[in-house]
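# what would the 3D arrangement of this be:
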Amino acid sequence: MDLITKSRELLETGAVKAVIGFEAGRRGTVRPAFVREAAKASTLVFDERCTQNLAAYLTRREVKRMGRVAVAAAPDTLRALLQLMAERQVKEEEVLPLAVAADGTVTELPCAADVEAHLALQAKELKAADRELLAKLDAMSREERWAYWQKELSRCVKCYACRNACPMCYCAHCTMDCNRPQWVPVASHALGNLEYHMVRAMHLAGRCVECGDCGRACPVGIPVHLLAFHCQESVHAQFGQRAGTSAKLDYALSTFRPDDKETFIR
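Predicted structure coming up:
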(Lines give C-alpha, C1' and ligand atoms only; values in the text may rest on other atoms or scores of the structure.)
Protein backbone atom coordinates (compact mmCIF):
# COMPACT_ATOMS: atom_id res chain seq x y z
CA MET A 1 0.00 0.00 0.00
CA ASP A 2 1.42 3.41 -0.91
CA LEU A 3 1.48 6.55 1.23
CA ILE A 4 -1.51 8.25 -0.41
CA THR A 5 -3.75 5.20 -0.08
CA LYS A 6 -2.69 4.54 3.52
CA SER A 7 -3.10 8.20 4.51
CA ARG A 8 -6.56 8.38 2.95
CA GLU A 9 -7.62 5.22 4.78
CA LEU A 10 -6.35 6.46 8.15
CA LEU A 11 -8.12 9.80 7.80
CA GLU A 12 -11.38 8.29 6.56
CA THR A 13 -11.55 5.83 9.46
CA GLY A 14 -10.56 8.43 12.02
CA ALA A 15 -7.52 6.41 13.10
CA VAL A 16 -5.54 9.67 12.97
CA LYS A 17 -6.53 13.32 12.89
CA ALA A 18 -3.74 14.38 10.53
CA VAL A 19 -0.92 13.02 8.41
CA ILE A 20 2.39 14.89 8.46
CA GLY A 21 4.28 14.42 5.22
CA PHE A 22 5.52 16.31 2.19
CA GLU A 23 3.87 18.01 -0.76
CA ALA A 24 5.22 19.63 -3.92
CA GLY A 25 6.62 23.12 -3.46
CA ARG A 26 8.03 25.67 -5.89
CA ARG A 27 10.58 24.97 -8.58
CA GLY A 28 10.79 21.25 -8.02
CA THR A 29 11.15 21.42 -4.23
CA VAL A 30 9.04 19.79 -1.53
CA ARG A 31 7.74 21.23 1.71
CA PRO A 32 6.14 19.82 4.88
CA ALA A 33 2.39 19.22 4.65
CA PHE A 34 -0.26 18.69 7.31
CA VAL A 35 -3.10 16.77 5.70
CA ARG A 36 -6.29 16.69 7.79
CA GLU A 37 -8.82 15.66 5.13
CA ALA A 38 -8.88 12.36 3.25
CA ALA A 39 -9.58 14.16 -0.03
CA LYS A 40 -6.29 16.03 0.22
CA ALA A 41 -4.15 12.95 0.76
CA SER A 42 -3.43 12.89 -2.98
CA THR A 43 -1.11 15.91 -2.53
CA LEU A 44 1.40 13.84 -0.55
CA VAL A 45 4.75 12.92 -2.08
CA PHE A 46 7.73 11.02 -0.74
CA ASP A 47 10.99 10.68 -2.65
CA GLU A 48 14.71 11.45 -2.40
CA ARG A 49 13.95 15.17 -1.99
CA CYS A 50 12.13 14.53 1.30
CA THR A 51 15.07 14.84 3.67
CA GLN A 52 13.65 17.09 6.38
CA ASN A 53 13.21 15.41 9.76
CA LEU A 54 9.48 15.71 10.37
CA ALA A 55 9.84 14.60 14.00
CA ALA A 56 10.70 18.23 14.76
CA TYR A 57 6.98 19.05 14.56
CA LEU A 58 5.79 16.38 16.99
CA THR A 59 6.67 18.31 20.16
CA ARG A 60 4.85 21.49 19.14
CA ARG A 61 1.72 22.41 21.05
CA GLU A 62 -0.40 23.06 18.00
CA VAL A 63 0.43 19.61 16.63
CA LYS A 64 -0.27 17.88 19.94
CA ARG A 65 -3.65 19.59 20.06
CA MET A 66 -4.63 17.91 16.78
CA GLY A 67 -4.82 14.52 18.46
CA ARG A 68 -3.16 11.40 17.15
CA VAL A 69 -1.15 12.06 13.99
CA ALA A 70 0.57 9.83 11.44
CA VAL A 71 3.98 10.84 10.13
CA ALA A 72 5.61 9.77 6.87
CA ALA A 73 8.98 8.68 8.17
CA ALA A 74 12.42 8.02 6.79
CA PRO A 75 14.86 6.23 9.15
CA ASP A 76 16.20 9.49 10.64
CA THR A 77 12.67 10.58 11.54
CA LEU A 78 12.04 7.22 13.19
CA ARG A 79 15.25 7.54 15.21
CA ALA A 80 14.29 11.03 16.35
CA LEU A 81 10.84 9.73 17.31
CA LEU A 82 12.35 7.00 19.50
CA GLN A 83 14.63 9.52 21.17
CA LEU A 84 11.68 11.84 21.84
CA MET A 85 9.79 8.91 23.36
CA ALA A 86 12.81 8.11 25.53
CA GLU A 87 12.85 11.69 26.75
CA ARG A 88 9.10 11.57 27.41
CA GLN A 89 8.31 14.31 24.92
CA VAL A 90 6.10 12.11 22.72
CA LYS A 91 3.86 9.23 23.78
CA GLU A 92 3.33 6.07 21.75
CA GLU A 93 -0.39 6.67 21.46
CA GLU A 94 0.10 10.18 20.06
CA VAL A 95 1.93 9.17 16.86
CA LEU A 96 1.55 6.52 14.18
CA PRO A 97 4.82 6.24 12.23
CA LEU A 98 4.53 5.28 8.57
CA ALA A 99 7.89 3.97 7.38
CA VAL A 100 8.21 4.67 3.66
CA ALA A 101 10.58 2.36 1.74
CA ALA A 102 12.59 3.29 -1.34
CA ASP A 103 10.02 1.58 -3.58
CA GLY A 104 7.18 3.62 -2.06
CA THR A 105 5.64 0.88 0.05
CA VAL A 106 4.47 1.89 3.51
CA THR A 107 4.84 -0.05 6.76
CA GLU A 108 2.70 0.93 9.71
CA LEU A 109 4.61 0.87 13.01
CA PRO A 110 1.99 1.19 15.76
CA CYS A 111 4.31 0.92 18.78
CA ALA A 112 7.85 1.75 19.85
CA ALA A 113 8.89 -1.91 19.77
CA ASP A 114 7.92 -2.08 16.10
CA VAL A 115 9.94 1.06 15.36
CA GLU A 116 12.96 -0.38 17.17
CA ALA A 117 12.70 -3.67 15.25
CA HIS A 118 12.35 -1.83 11.94
CA LEU A 119 15.39 0.37 12.60
CA ALA A 120 17.47 -2.63 13.66
CA LEU A 121 17.39 -3.67 10.01
CA GLN A 122 18.41 -0.22 8.75
CA ALA A 123 22.15 0.38 8.79
CA LYS A 124 23.04 3.88 9.99
CA GLU A 125 25.79 5.45 7.92
CA LEU A 126 26.93 9.03 7.64
CA LYS A 127 27.07 10.55 4.18
CA ALA A 128 30.42 10.14 2.44
CA ALA A 129 31.03 13.92 2.40
CA ASP A 130 30.40 14.14 6.16
CA ARG A 131 32.65 11.17 6.91
CA GLU A 132 35.39 12.70 4.80
CA LEU A 133 35.22 16.09 6.50
CA LEU A 134 35.05 14.54 9.99
CA ALA A 135 38.15 12.49 9.20
CA LYS A 136 39.85 15.63 7.93
CA LEU A 137 39.00 17.49 11.13
CA ASP A 138 40.19 14.58 13.30
CA ALA A 139 43.52 14.62 11.48
CA MET A 140 44.04 18.32 12.26
CA SER A 141 45.99 19.57 15.23
CA ARG A 142 44.06 21.29 18.01
CA GLU A 143 45.23 24.66 16.72
CA GLU A 144 44.15 23.86 13.16
CA ARG A 145 40.69 22.76 14.29
CA TRP A 146 40.33 25.90 16.37
CA ALA A 147 41.22 28.05 13.38
CA TYR A 148 38.80 26.11 11.15
CA TRP A 149 35.83 26.55 13.46
CA GLN A 150 36.69 30.15 14.26
CA LYS A 151 36.57 30.89 10.53
CA GLU A 152 33.37 28.92 9.92
CA LEU A 153 31.46 30.24 12.92
CA SER A 154 32.43 33.83 12.14
CA ARG A 155 29.86 33.60 9.31
CA CYS A 156 27.00 32.74 11.68
CA VAL A 157 24.23 35.35 11.73
CA LYS A 158 22.48 33.89 14.80
CA CYS A 159 19.26 33.17 12.88
CA TYR A 160 18.78 29.96 14.93
CA ALA A 161 17.64 28.00 11.86
CA CYS A 162 19.79 25.08 13.06
CA ARG A 163 18.02 25.05 16.41
CA ASN A 164 14.57 25.34 14.88
CA ALA A 165 15.21 22.50 12.42
CA CYS A 166 16.51 20.09 15.05
CA PRO A 167 13.95 17.61 16.46
CA MET A 168 15.94 17.41 19.69
CA CYS A 169 15.89 21.18 20.32
CA TYR A 170 12.39 21.26 21.75
CA CYS A 171 12.73 23.45 24.87
CA ALA A 172 9.96 26.05 25.02
CA HIS A 173 12.39 28.51 26.62
CA CYS A 174 15.93 28.11 25.33
CA THR A 175 18.99 29.19 27.31
CA MET A 176 20.02 31.15 24.23
CA ASP A 177 16.98 33.39 24.58
CA CYS A 178 17.44 34.05 28.29
CA ASN A 179 18.44 37.63 29.11
CA ARG A 180 17.78 37.70 32.86
CA PRO A 181 20.51 36.67 33.37
CA GLN A 182 21.96 36.49 29.88
CA TRP A 183 24.01 33.31 29.70
CA VAL A 184 25.06 33.54 26.05
CA PRO A 185 25.64 36.83 24.18
CA VAL A 186 22.87 37.41 21.63
CA ALA A 187 24.99 39.44 19.24
CA SER A 188 26.51 37.73 16.23
CA HIS A 189 30.17 38.10 17.11
CA ALA A 190 33.08 35.75 17.77
CA LEU A 191 32.32 35.00 21.44
CA GLY A 192 28.55 34.81 21.07
CA ASN A 193 28.72 32.53 18.05
CA LEU A 194 31.25 30.21 19.64
CA GLU A 195 29.33 29.90 22.90
CA TYR A 196 26.03 29.28 21.12
CA HIS A 197 27.32 26.47 18.93
CA MET A 198 29.42 24.85 21.68
CA VAL A 199 26.51 24.85 24.12
CA ARG A 200 24.16 23.44 21.50
CA ALA A 201 26.60 20.69 20.53
CA MET A 202 27.05 19.64 24.14
CA HIS A 203 23.30 19.62 24.72
CA LEU A 204 23.01 17.20 21.80
CA ALA A 205 25.82 14.88 22.93
CA GLY A 206 24.34 11.40 23.24
CA ARG A 207 21.01 12.64 21.84
CA CYS A 208 21.77 13.60 18.23
CA VAL A 209 20.30 11.14 15.70
CA GLU A 210 22.66 12.48 13.02
CA CYS A 211 19.99 13.53 10.54
CA GLY A 212 21.99 16.60 9.48
CA ASP A 213 18.97 18.92 9.35
CA CYS A 214 20.77 21.65 11.29
CA GLY A 215 23.51 21.82 8.67
CA ARG A 216 21.05 21.77 5.78
CA ALA A 217 19.04 24.57 7.40
CA CYS A 218 22.01 26.95 7.75
CA PRO A 219 21.47 29.81 5.27
CA VAL A 220 25.19 30.55 5.00
CA GLY A 221 26.35 26.95 4.64
CA ILE A 222 28.20 26.39 7.92
CA PRO A 223 28.55 22.62 8.56
CA VAL A 224 27.21 23.00 12.10
CA HIS A 225 25.90 19.42 12.03
CA LEU A 226 29.48 18.17 12.24
CA LEU A 227 29.83 19.56 15.76
CA ALA A 228 26.88 17.45 16.92
CA PHE A 229 28.06 14.49 14.85
CA HIS A 230 31.49 14.63 16.48
CA CYS A 231 29.95 14.62 19.98
CA GLN A 232 27.65 11.76 19.06
CA GLU A 233 30.46 9.70 17.55
CA SER A 234 32.51 10.32 20.69
CA VAL A 235 29.67 9.02 22.89
CA HIS A 236 29.36 5.98 20.63
CA ALA A 237 33.09 5.30 20.85
CA GLN A 238 33.19 5.70 24.64
CA PHE A 239 29.92 4.02 25.60
CA GLY A 240 28.86 1.96 22.57
CA GLN A 241 25.51 3.74 22.32
CA ARG A 242 23.69 5.52 19.54
CA ALA A 243 20.77 7.87 20.04
CA GLY A 244 17.42 6.92 18.61
CA THR A 245 17.69 3.16 18.91
CA SER A 246 15.44 2.67 21.95
CA ALA A 247 12.41 4.30 23.52
CA LYS A 248 13.90 3.72 26.96
CA LEU A 249 15.70 6.53 28.76
CA ASP A 250 19.09 4.88 29.04
CA TYR A 251 21.46 6.90 26.89
CA ALA A 252 24.92 7.52 28.29
CA LEU A 253 24.72 11.10 29.54
CA SER A 254 21.33 10.67 31.25
CA THR A 255 22.27 7.91 33.70
CA PHE A 256 24.38 7.46 36.81
CA ARG A 257 26.08 4.20 37.76
CA PRO A 258 28.03 3.72 41.00
CA ASP A 259 30.43 1.39 39.19
CA ASP A 260 31.32 3.98 36.52
CA LYS A 261 35.03 3.77 35.78
CA GLU A 262 35.44 7.55 36.06
CA THR A 263 36.39 8.44 39.60
CA PHE A 264 35.35 12.09 39.39
CA ILE A 265 31.69 11.19 40.00
CA ARG A 266 32.46 9.98 43.53
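# low-confidence regions, the stretch 1-150 of the chain specifically.
Counting by pLDDT under 70, the stretch 1-150 of the chain shows low-confidence ranges at 1.
# where do the helices sit along it?
3-13, 61-64, 75-86, 112-120, 128-139, 142-153 (DSSP state H, counting those that start in this stretch).
# put together CSV for these, with mean neighbour count and distance to Ala205 on each row.
All C-beta atoms are positioned from the backbone trio N, CA, C, and that covers glycine. Below are the helices of the stretch 1-150 of the chain laid out as CSV (neighbours: other CB atoms under 10 Å; distance: least, CB to CB, whole Å):
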stretch, mean neighbour count, distance to Ala205
helix 3-13, 18, 34
helix 61-64, 13, 27
helix 75-86, 25, 13
helix 112-120, 17, 21
helix 128-139, 12, 15
helix 142-153, 14, 16
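# could you dump these to TSV with distance to His236?
TSV is the format used below for the helices of the stretch 1-150 of the chain (distance: least, CB to CB, whole Å):
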stretch	distance to His236
helix 3-13	32
helix 61-64	30
helix 75-86	13
helix 112-120	15
helix 128-139	13
helix 142-153	20
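# ok, which of the ones you listed comes nearest Ser234?
Closest of these to Ser234 is helix 128-139, at 10.5 Å (criterion: CB to CB).
# same for that closest one, what does it pack against?
Helices and strands touching helix 128-139, by 3 or more CB pairs under 8 Å, 6 or more residues apart in numbering; DSSP states H and E, are helix 225-239.
# and the helix it packs on, what's its mean pLDDT?
The pLDDT scores in helix 225-239 average 88.
# grab the nearest non-local neighbour of Leu194.
Nearest residue to Leu194, sequence neighbours excluded (CB to CB, 6 or more residues apart in numbering): Leu153, at 5.9 Å.
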